[in-house]
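J.: Any chance you could fold what I've pasted below:
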Amino acid sequence: MNNIIGRDELLTLIPHRNRMCLLSRVNRYNLQECSIEAEYDITDDCMFYDFENSGVPAWVGFEFIAQSISAFIGIKDKINCVPIKEGFILGVSHMQIDLPFFGKNSIITINSRELENLDPIYIFDGRISVDGKKVLAGKVTVMEVSSEQKKGIAN
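T.: Here you go, the predicted structure:
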C-alpha cells in the first residue's frame, strides 16, 4: 500500500485536528524502508502563520517533521489493526535551517526516515524541501503513548 493519502483519511491516522494539523497529504510511504513523504500547503490559515512576514517561521519545521512521523506510525498502526496513539516530542537535534520563513502559497515537502526504534521511542531523520531544494534538516525523537499512559502523565 503506497497510495496518496488525502487530508480526510490522514485525520484518521494522526491525533492532530483543525489548525494544529500541519500536513495536507501523504505522497508516499515505505514500511520496509521506514520512510514517509508528506506535504503541507502554506496558507495564512496555519496556526503558526506570521502575517507580518507572510509565512510560517522555519523553526516550526520540527513540528512538520514530527507530524509526518505521527502519520507514518499511524499508517503502521492501522495496517496492524492497533489503535492510533498520541506522541510527544522528546528532543530535536542537529537542526539545520537555511531560511527564515516558509512563504505563503509555497508547498513544503517533508521527508522522514526512521533511524532507530526503541519502542515506544523513535528517532527519525527529517528533511524539508521547497521546490525540490532542501531548506531544513534534523533529527526528531518522539515517544508514543497509549490512552492509559497519557492519563498517567496528565495526573
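
J.: Surely residue 52 is in a helix?
T.: Yes: membership of residue 52 in a helix is supported by DSSP: H, G, I helix; E, B strand; the rest coil.

J.: and it, how many neighbours?
T.: 5 (other CB atoms under 10 Å). For every residue, glycine as well, the C-beta is placed using N, CA and C.

J.: One more: residue 122?
T.: Residue 122: 22 neighbours (other CB under 10 Å).

J.: Over to it: give its phi and psi.
T.: Backbone torsions for residue 122, taken as degrees, to the nearest 10, come to phi -130, psi 140.

J.: Verify the contact between it and residue 142 for me.
T.: Yes: between residue 122 and residue 142 there is a contact under CB atoms under 8 Å: 5.3 Å.

J.: who touches both of the two?
T.: residue 69 (CB atoms under 8 Å, 6 or more residues apart in numbering).

J.: what about the helices in the chain?
T.: Ranges of helices in the chain, per DSSP state H, are 7-10, 61-79, 147-154.

J.: From the contact counts, what lies against the shortest one?
T.: The reference is to helix 7-10. strand 25-30 (3 or more CB pairs under 8 Å, 6 or more residues apart in numbering; DSSP states H and E).

J.: Need the residues that contact the strand it packs on.
T.: Among residues not part of strand 25-30, those counted as contacts by CB under 8 Å, 6+ apart are 2, 4-7, 10, 35-39, 68, 71-72, 75, 109.

J.: related to what we said a few turns ago, of the helices of the chain, which approaches residue 22 most closely?
T.: Set against residue 22 and scored by CB to CB, these come closest in helix 61-79, at 5.0 Å.

J.: tell me the angle of the closest one relative to strand 25-30?
T.: 60 degrees (axes from the mean of the first three to the mean of the last three CA atoms, to 10 degrees).

J.: out of the helices of the chain, deepest packed?
T.: Across the helices of the chain, the average number of neighbours (mean count of other CB atoms under 10 Å) peaks for helix 61-79, which reaches a mean of 22.

J.: in stretch 26-43, what's buried?
T.: 26, 27, 29, 34, 35, 36, 37, 38, 39, 40, 42 (16 or more other CB atoms under 10 Å).

J.: burial measure for the residue nearest to residue 85 when sequence neighbours are not counted, as a count.
T.: Nearest non-adjacent residue to residue 85, counting by CB to CB, 6 or more residues apart in numbering: residue 144, 4.8 Å away. If you count neighbours by other CB under 10 Å, residue 144 ends up with 18.
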